[in-house]
Every structure is written in structure tokens, then in C-alpha cells.
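In: pasted the sequence and its predicted model underneath.
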Amino acid sequence: MIMMIDENMLQYALFLAQGLLVASGIFSVMHKNKKAQFAISTILLVAIALTASSLFASDSSIVPFSAFRISQFSMFFISLFSILLVLVNIISYEYSQDYISFSALFGFTIAGMYVVTMANSLISVFLGIELMALPTAFMIMINGKQGIESAVKLFVMAATAIAAFSFALALVFPFNAQLSLTALHIGSGQGNYLVLLAVVLFVISLAFEASLFPFNLWVPDVYQGAQGNITAMMSGINKKVAFVAIMEVFFIALVPLSSVFSQLFIALAIATMFYGNIVALVQDNVKRLFAYSSISQAGYIMIGIAVATQYGIEASIFQIVAHALAIIAIFAVILWLEENNIKSLKDYTALSRRNGFAAFTLTILMLSLIGIPPLIGFVGKFLLFTSAIYSNLLFLAAIGIFNSFISVYYYAKVIMAMYSKKEEVRSLRMGWSVSAVSVISVIAVLVLGLVPQFLIAAASQASAALLAI
Amino acid sequence: MLALFVIVPLVAAALLSLALGKKPKAIRWVALSASILSLVIAIYVAMGPQGVSRLDWFSIAGYSFGISIATNPLNAFLLLIVAGITPLIFAYSIGYLDTLSEQSRFYTEMCIFAAAMMLFAISGNFITMFIAWEMLGITSYLLIGFWYWREKAPVAARKAITTILIGDIMMLMGMLLIWSTYHTFEFAALATVADSQALQVAMILITLAAFTKSAQFPFHEWLADAMEGPTPVSAFLHSSTMVKAGVFLIAVLLPVIVAVHLQWLLIIVGIVTALIGATNAIAERHIKRILAYSTMEDMGLMFVALGFNAIYAAMLLFLVQAFYKALLFMDAGSIMRINTDKEDIYNVYESGARKGVLISALIGSASLAGIFPLSGFFGKAAVESVASNAVIYALLLLVEILSSFYIFRWLIIPSRKAPLEEDREIVVNAKTMSKWMAAPAYILAIAVVASSLAYLYLPRYLLGLTYPVISITGSIVDTVVVLMGALAAYYVYAKGNRSYLSSTHPTFHKIMLNSMAVNAVYVYITKAVSLAASAVGSIDYAFDKSIYALSSMFVKIGDVLKKMETGQTNTYVAAFIIGFVILLLAVVL
């Protein structure tokens, strides 16, 4: 009984904090106090993370308003995203050109992320994705002229994708007059072309959100055009929310069709890995290089989802954490370097002498992305590839490993540039927010690589909760 | 798990000495104090509880991977040796390495080297062991090639790393074979598993890997060349780290090796290497290389003892060898320093101004030769006493007589009187030589004498049994043999006949130098391989080219794919629609 009260209270606290977060963003436009808004939003995010993790710990499964679901799966991601959002908030506070507008939009985006993460119906997924994507496009516009071009691109593409999603909704609704994820009961769809069309539409719209090839051509342009903090948020959180949406839609609502979509996912994973890694080889702009790098990482994450076992989902969840932790700090450092007009690979020459810590941070995080032990990226890839092997998809694991080989080429190019020597270097001072985020993420990448067991256990519980729904 | 703290001071010192690049003088003190701290922790660990503790790294699908720390008597034994020798080596380095710009690099690498060996000592499963094993290989490569601008050092370092990498691959194969058969990496679990073909193959691979680290035939070539590194490195590498790793690994895995009947491999390779080492040492003139060949011989004897399943005999020699070999290398370094870095024993001279060097070298040599009651006697006599095969026993006696001969040659030739014109320089050098180079040698000389006591205590400590007494007859035979060798050396080299073996007995010298033509065979093998390579159009180059072609192919594909990025939104929407159509067709068809 006491347990029940606890859970309910926590549940209300969670919703209250989330509401306050959105409200504080709106009010900040009126009072225009940067410091206060930063403090309030950070505290609220931390509070949400704590509430969500205690709900995770209490293993609750509640369905409030029938639109949301509080389970270990959603709570895992709510706490993860809240922590990551704190990092984004920190760098945005120092570097955003208009922090007040940013935080108003930030509140809406976060609301969208939470709605998707806790969704219990296809409508929630649909609205959440829109709520996340639109304010993001506006946030990109804060960056001036280049930003507007990127924002329009994102807007047009997002519109295309969401059109596909709503068409798919219309196709599946008549079956049971239900849009709840658990009550969809769509059947195996054998020979039913409408169902197959709906599946493909779901796949392409969510593949757009998760930046899978060939629905991701816009990604590098947008990442490059947006300011670094927005890029960090998009690649570190928005894309991960898309993966959450994929898991919810396909592993709750469309489970009977798994034989159909896992074939598609395997193809998408392979194409995305190759595309991201190969095009990254020829990039000269470092921000663009990492845009392709995160595309290839999306391909790795897809491996676990394509495997479609509990173990594969667990591996994907782990890799989501691993990639998000690294990429946010990487884009934070890149943001700071761009402010100092260091953009192309050539500008990165002798960075280690100009700011040793920045070079060290980038090196450690890139090694984690490659998958070098004892960093977190190694464990993530290890889990992914073993999950593929356990499901008799040896070729998928082999392609993943081969892609990791390819990726070493461009990561090593950056590392080599940073540690090569050059005469006459000026030293650079790192902004406090970038230093803070770098320190946090380097420590996290190292520590979670050395003692990953509790994170693996949490990912395992989250994936079990997802499949149990 | 607490035992893991033993490497913490050294790792911290390694990082600190990287950071202290601008204050080179402080680094040596940091390293020395860290090594002493490690020694204190090692003593604490050795007195602490025994057993194996595991720390899981991660577990998947029911199997868990993790590091495992063992503090059994055998582990504590090696840990104490390493931790005890390290401060002495670091103290010696303070006197030896006075170039300020090299301090940071040297101590960083040395600290990691020592830490890796300590980790190796306490490793309880293959994962932990392999991490330490690899760290040993890499740091030894860096240290052998420490003076990378010299002509020979990079070549020697490459030779070492090539041999060691062959061993690493065999080790990895053996480990994976064991994992795929038994799903365990624990040493302790391996002792109880059922015998199988796979286990036998795996143990052969692991034994061969141990041979590469311990410089056993046919992987012994790198060790003598490794003398290109600084002398403290040689002293460390030959006494307690690196070459000892192979022997120790086999000692830990001995029950398994006995179970799969691989003793013959240890005995044969050990005795062959011992003979190669002993004969090479007789013909060699480089003051440090003689000692390197002697190390090969000692390692060979330890493998013979292990082959007779006599772990106590192997470990006794293991212990005493660490002391006398470190001592001899330190004295060799001092003699070289006095003679302004000359290396040929016919060109270097002892100086009366530094009697301590001569006396400690005498103690070390006598111990190596095996003269009662120095510790070396017990080590060697113990190995001989376990040799139950008559042929092996005879060969061991031969090795004994040879080793007594070469080590007294090593001692006698430099101790002759120097020519007048060189004498002054030598005296000046001897007077200015740092005390830090002499003091550790004195401590080691005391240890060489005192470690005779290990004969009484070690077997009880390791195995809980009283020592099988070395028979009186065996001792007498051993002593006679050693004295024969010593007298021969005295007669040939001291009694007015400071003969050059190469001029008086050219054929004999040639045979000895080539160590039964083994080295010559190596030259032919290398030549044959390179000929074969060039015959097929230089495989190496073709391989290189194919990798290059592969990478440039991907870069070209990248260039093509990049063209999709037009920056035009309509292209992207088109790609979106094409993707949709393809996926739809894939599903429907």
C-alpha cells in the first residue's frame, strides 16, 4: 500500500516537474533573466532524472491518462535524456546567441521528447515527434542566415516524414479502431498489402527521424548549419528519441510483423553504416565529419534493433547511451573550436599544443566511438556484435566490425592532425561549460567502460520491460 | 582485490613523470618513492589472506568477463621479487641516467613496465594476465629502443617486438581455444577441467608463447640484441620482469601442463636453450651480451626443472637468479661507465679505485657459477637434483661447467691491469661515478649471499613441504664441475694466457659463436624467406598495396556518394521517395 502511494506521488511529481519545465521556458521570455532560467531548468531536469530513476528502481508499470506509460523502459530513457539535456543546457547557456529564446523552445522540445518516451499510443508518438522536431527547427534558426537554410531543410524533410507517419496511422486505425500501442492487434499481415504499406511507411518516417540511409541526406547539412549546442542536442538526444520511438512502435504495436520489418532493418543498418563511414572518409570539415560519424553510429544501433531479440535491444540501448555520452561532448568541443574559427581538418593541426585537454578529450571520445577497450564504446559494440552472432546473423556482425575498421581511418586522421607538430602555436582557452561537459563525459566514458555491469543490467531491465508490454 | 593497489603508486608515478616534463630532476625521486611504496604494499599483500578474488567487468548471456586477482603463495612470491628489485633498479637509474631530457620518458616507461609485471604476478585469469602480458611487450619494445637515434637500437627493438608478437598471437589463439572449449578464463578452474585434444593444443600454444617471452629456442634471438637498451633496463628485464613472465606463467599452469603430458617440450627446449646460451656466452665479447646469453641459459634450466614437475627447484633458481643477474648487470653498467661506455671485455678494465664493483661482481659471478655457499649453488644444485634422466643430468653438468667457465672469463679479462695511458682516465671516471650506481649493487650482493636461506624456507612457503635434501654426492659433483670450469677459465685467461680464443682456436671459436650453427641457420632462414618473398613479387609490398587500394577504393566511393549531398532539398526528398519505393518493393515482392 505504501508502495502504491509512493509510486503515485512520484508519478505526479514527474508530470509536475515536466510541466514546470515547459512553463519556466515560456515565462523566461517575459522575465528575460538568463541566470534564473538556467538555474531553474537545470534543477528541474535533475529533479526529473531523479524521479524517473526512482520510478525505474521501483519497477512500476502505470498507464496514466491512457496516453502515457510509466515502465522501466520509459523511465530509463527519461532519466538518461534528462541527464543529457543538462549537458546541452550547460553549453547552450554559455554559447547560445539568444539563450532566452533558446530555453523557451528548449522546453517544448523536451516536452516532445518526454511524450515520445512515455508514449502509450501512436498518437502520442506522432505528437511527440512533431513537438520535438518543430521547436528544434526554430532553435536552428537562432544561428542566423546559415541556420535559416538548415532549418527550412529540416522543416521540409520533417514534413515529408510526418506525412508518411500520419498516412500509416490512417492505414492501421481501421483494423481495430484503436491507436493504443498495446491494443492495435494488427495481425501478422500475411498477404495484406495495406498492412505492409503501413509498415513501410512507419519504417521510412522513423528512419528519417533516426537518420538512416537513404532518408538522412539532410543530416550533415543541418548539423553543419546549426550551432554546435543544437547539433549536440540533435545527434545526442533527438536521434535517440527516434530510436525509442522505433522500439515502441515496432516492438509493442507491430510485434507480429517482426519477420517483415527486421529484414528491412538489417538492410537499413548495413546501408547506413557503410554510407556514414565511407562518406566520412572524404570530409574535410570536422563538424561534417562527425555528422557522418553519428550517421554510422545510428547504423550500429540499428544492428541490435534489427536482431529483434531482448538481447539485441539491450545492446542497442547500451550503445545509445555510449554514443550520446560521447557525441554531446564532441560537438561541444567543436562548438567552442568553431567560435575560435577552427573548422577544417587543417585547422586542427597541433591542437594538442594549443589546448592539450581538448585534444585529449576528443581523442578519448573518438577511441570510444571506434570501440577501443576499456572505454564504453567497446562494451557497446561488443554487445551489439555478440547479439547479432547469437541470433545467427554472423554476416551482420562481420559487416559491423568491418565498418569499425573503416571508421578508424577518419578518426585517426583527426587524432593525427591534433597531435602533429607545427611551429608557432597560440594557446587557446576553453570555455567553462565546454570544460565541464568534457570532464563529465570523459569520466563517464571511462568509468562506464571499466564497470559497465550496472548499466548493462539497467539496459537489460529496460529491454525486458519493453518486450513485456 | 586489494592486491591491485600494488600497481597504483607506479601508475601514478608514470602519469606524474609525464606531467613533470619541465622539472626533470624531481621525476627520479617520484619514481623511487613510488616503487618503495609499492614494495610496502606488496609486503602487506603477501602477508594478507591467500586466494583468488574476482571483479566482473561485464557479463552477457550467462558468461561473465572480468579481472581476477590471485594472492596465492606463488603470486606473492613473484610480487615480492619484482617489488623488491624495482626500487634498486630505480636507485641505480638515478646514477646511471643523467641526461635530463630523457628522464620523463624513461621513468614513465619504467614505471609502467614494473607495474605491468606486478599485475602479471597477481593475475588469476587469462584476461588479467593478457593485459599485463601485452603491457610488458609494448613497454619492453619502447625501452629496448630507448635510444632510438642509435643505429642498432631500433633494429633490436623491432626484433624483440616481432618475436613477442608471434607469442602474443599464439597466446591469444590458446586462450580462445580454451574459452571455446571450457568457457572459462580462470587459471584455477583450468586445473580441474577434463583433458581434451583442444586443451593439449591450447597448452602447446601457450607454452610456445611463454618461450617467446622467456627467449627460449627457437625464439631466443631477440634477447641478446635487447642489450641495446639502457643498462637499468637490461638489469630489470633479465632479473625480475619480462623473461621471467614466461617461466612464471608455465609455473602457474604446471598442473595443467602435466595433465596433458607436455613436460617433454619444456625439458627439450630448456636444455637446448641452455646449451645455446652457454656456448654463445663463451665466444661473445660484448660485456652485456655475455650476461644476456647467461640469462637464456638460466631460463632454460628453469624450464628443465618445470619439465620434471619440480616447481620448488625452478622457483628457487628463479629467486636467486633475480638477485645475481641484477647485480651482474649493474656491475657491467658500472664497468662500462668507468671505461667511458666501451663494451668489449677485451677493451675494458676494472679500476682499483672502485674495489666495491670488483668485489660485488666476484660475489655475483661465483653465485652464478654455483659455488657453495652462495645462493646460486642451491638454485643450480636443486635443478640438477631433480633431473631423473641420465642424459639430461649429463647435459646439465655440461652447461654447469660451461657457465662456470664463461662467467669467470667475464670476470677475469676486465680485471687485468690497464695500460698506463688509459688508467688515468679510468681512475677519474671511477672517482666521479655516482654513488647511486654502487649502493644498489652492494645491497644486491648481500641479497645474493642471504638468499641462500631461501633453500630452507621457500619449499615450505610455496608447497608446505620440507625440502627434498640435495644429496651430498650431487653437491660434490656439482662443486667439482664448477671448480673445473673456474680453473679452466683461470688457466686460459689469467695465467698469462690472455688468449683470444678466435686467434688460438679459430674453429672452436666459430662453433661457439654460432652456438652450434643455430645462428647461421637463422641467417639462412631469413635469407630464404626474403628470397621467397621477392620471388613472388614481394608479398609484403603487394599486401601493402592491396590495403592501399582498398582504402583508396573506399575514398573514391566516398567521393561519389558525396555528390548525393547537393545541398538541394528536392534531391533529399527524391532520395526519400526512392528509398520508400525500394523498401515497399522489397516488402511486397
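Out: Here it is on my side, so go on.
In: same question for stretch B:106-113, mean pLDDT?
Out: Averaged over stretch B:106-113, pLDDT sits at 88.
In: repeat that for stretch A:161-170.
Out: For stretch A:161-170, mean pLDDT is 89.
In: with stretch A:341-352 instead?
Out: Rounded mean pLDDT across stretch A:341-352 is 84.
In: can you list the residue ranges for strands in the chain?
Out: Using chain A. Using DSSP state E, no strands are found in chain A.
In: was after chain B, sorry
Out: Per DSSP E, chain B carries strands over the ranges B:52-60, B:63-70.
In: show me where pLDDT drops low in the chain?
Out: Assuming you mean chain A. A:1-5, A:187-191 (pLDDT under 70).
In: please go with chain B instead
Out: The model of chain B has pLDDT under 70 over residues B:61, B:351-353, B:463-469, B:495-527, B:529-530, B:532-543.
In: so how many other residues sit close to the residue in the stretch 201-350 of chain B positioned nearest to chain A?
Out: Across the stretch 201-350 of chain B, no residue is closer to chain A than B:Ala209, which sits at 20.5 Å (Cβ to the nearest Cβ). Quick note: C-beta positions are derived from backbone N, CA and C, even for glycine. Each residue near B:Ala209 was counted by other Cβ atoms under 10 Å in any protein chain shown, and the total is 26.
In: ok, it touching B:Met175?
Out: No. B:Ala209 is not in contact with B:Met175 according to Cβ atoms under 8 Å; the separation is 9.4 Å.
In: on that earlier part again, burial-wise, tell me which of the strands of chain B comes out on top.
Out: Among those, ranked by average contacts under mean count of other Cβ atoms under 10 Å in any protein chain shown, first place goes to strand B:63-70 (a mean of 18).
In: what packs against it?
Out: strand B:52-60, helix B:126-144, helix B:187-190 (3 or more Cβ pairs under 8 Å, 6 or more residues apart in numbering or on different chains; DSSP states H and E).
In: let me have those in CSV, extended by distance to A:Tyr114.
Out: CSV is the format used below for those (distance: least, Cβ to Cβ, whole Å):
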stretch, distance to A:Tyr114
strand B:52-60, 30
helix B:126-144, 41
helix B:187-190, 48
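In: out of those, which is closest to B:Met227?
Out: Checking the helices and strands packed on strand B:63-70 against B:Met227 by Cβ to Cβ gives helix B:126-144 as the closest, at 8.6 Å.
In: near chain B, which residues of the stretch 101-250 of chain A are found?
Out: When proximity is defined as Cβ under 8 Å from any Cβ of the partner chain, the stretch 101-250 of chain A approaches chain B at A:152-153, A:156-157, A:160-161, A:164, A:193, A:196-197, A:199-201, A:203-204, A:207-208, A:213-215, A:217-218, A:220-221.
In: among the residues you listed, which are in helices?
Out: Judged by DSSP state H, these include A:152-153, A:156-157, A:160-161, A:164, A:193, A:196-197, A:199-201, A:203-204, A:207-208, A:218, A:220-221 as members of helices.
In: in chain B, which residue is most central in space?
Out: Central residue of chain B (Cα atoms, centre = their mean): B:Val243, 2.1 Å from the mean position.
In: now that residue. Nearest residue, chain neighbours left out?
Out: Of all residues not flanking B:Val243 in the chain, B:Ser214 sits nearest, at 5.0 Å (Cβ to Cβ, 6 or more residues apart in numbering or on different chains).
In: tell me the contacts of the nearest residue in space to B:Gly300 that is not next to it in sequence?
Out: Spatial nearest neighbour of B:Gly300, excluding adjacent residues (Cβ to Cβ, 6+ apart): B:Ala274 at 3.3 Å. Shown in contact with B:Ala274 (Cβ atoms under 8 Å, 6 or more residues apart in numbering or on different chains): B:296-298, B:300-301, B:304, B:395-396, B:399.
In: if we go to 10 Å?
Out: B:216-217, B:294, B:296-304, B:383, B:395-396, B:398-400, B:402-403 (Cβ atoms under 10 Å, 6 or more residues apart in numbering or on different chains).
In: try A:Val241
Out: By Cβ under 10 Å, 6+ apart, the contact set of A:Val241 is A:77, A:81, A:109, A:112-117, A:128-129, A:132-133, A:209-210, A:320.
In: repeat for A:Val152
Out: Neighbours of A:Val152 in contact, by Cβ under 10 Å, 6+ apart: A:137, A:140-141, A:222, A:225, B:569.
In: widest-spaced pair of these?
Out: Spatially, the most separated pair among these is A:Met141 and B:Thr569, at 15.7 Å (Cβ to Cβ).
In: which one of those two is surrounded by more residues?
Out: Between A:Met141 and B:Thr569, counted using other Cβ under 10 Å, A:Met141 has the larger neighbour count: 23 against 19.
In: excluding chain neighbours, what is closest to the closest residue to chain A within the stretch 1-150 of chain B?
Out: Going by Cβ to the nearest Cβ, chain A is nearest to B:Phe58 of the stretch 1-150 of chain B, at 4.7 Å. Leaving aside its chain neighbours, B:Phe58 sits nearest to A:Pro452 (4.7 Å; criterion: Cβ to Cβ, 6+ apart).
In: out of the contacts of A:Val241, who's nearest chain B?
Out: When these are compared for distance to chain B (Cβ to the nearest Cβ), A:Glu209 wins out at 12.2 Å.
In: I'd say the closest one and A:Ala133 touch.
Out: Yes. With contacts counted by Cβ atoms under 10 Å, A:Glu209 reaches A:Ala133, the gap being 7.7 Å.
In: which residues are common contacts for these two?
Out: Residues within reach of A:Glu209 and of A:Ala133 at once, by Cβ under 10 Å, 6+ apart, are A:158, A:161-162, A:238, A:241-242.
In: make a markdown table out of the residues you listed and add distance to A:Leu55.
Out: Output for the shared contacts of A:Glu209 and A:Ala133, formatted as a markdown table (distance: Cβ to Cβ, whole Å):
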| residue | distance to A:Leu55 |
| --- | --- |
| A:Ala158 | 31 |
| A:Ala161 | 31 |
| A:Ile162 | 30 |
| A:Asn238 | 23 |
| A:Val241 | 19 |
| A:Ala242 | 23 |
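In: closest one of these to chain B?
Out: Taking Cβ to the nearest Cβ as the measure, A:Ala161 is the one of the shared contacts of A:Glu209 and A:Ala133 closest to chain B, at 7.6 Å.
In: what's the closest of the strands of chain B to A:Asn285?
Out: Comparing those by Cβ to Cβ, strand B:52-60 comes nearest, at 36.2 Å.
In: can you give me the angle the closest one makes with strand B:63-70?
Out: 160 degrees (axes from the mean of the first three to the mean of the last three Cα atoms, to 10 degrees).
In: gap between strand B:52-60 and the chain center?
Out: Put simply, strand B:52-60 sits 29 Å off its chain's centre (Cα atoms, centre = their mean, to the nearest Å).
In: just checking: what are the partner strands of that strand?
Out: Strand pairing for strand B:52-60, determined by DSSP bridges: strand B:63-70 (antiparallel).
In: show me the contacts for B:Ile89.
Out: By Cβ under 10 Å, 6+ apart, the residues touching B:Ile89 are B:31-32, B:35, B:96, B:110, B:113-114, B:231-233, B:235-237, B:239-241, B:326, B:329-330, B:440, B:444.
In: one more time with 7 Å, if that's ok
Out: Neighbouring residues of B:Ile89 by Cβ atoms under 7 Å, 6 or more residues apart in numbering or on different chains: B:232, B:235-236.
In: neighbours of B:Thr71, just the number please.
Out: 22.
In: so it makes contact with B:Val45?
Out: Yes. When contacts are counted by Cβ atoms under 7 Å, B:Thr71 is listed as touching B:Val45 (6.1 Å).
In: what is in contact with those two at once?
Out: What both B:Thr71 and B:Val45 touch, as defined by Cβ under 7 Å, 6+ apart, is the set B:Ala3.
In: check the gap between the closest residue to B:Ser360 other than its chain neighbours and chain A for me.
Out: Nearest non-adjacent residue to B:Ser360, counting by Cβ to Cβ, 6+ apart: B:Ala445, 4.1 Å away. Distance from B:Ala445 to chain A, counting by Cβ to the nearest Cβ, to the nearest Å: 42 Å.
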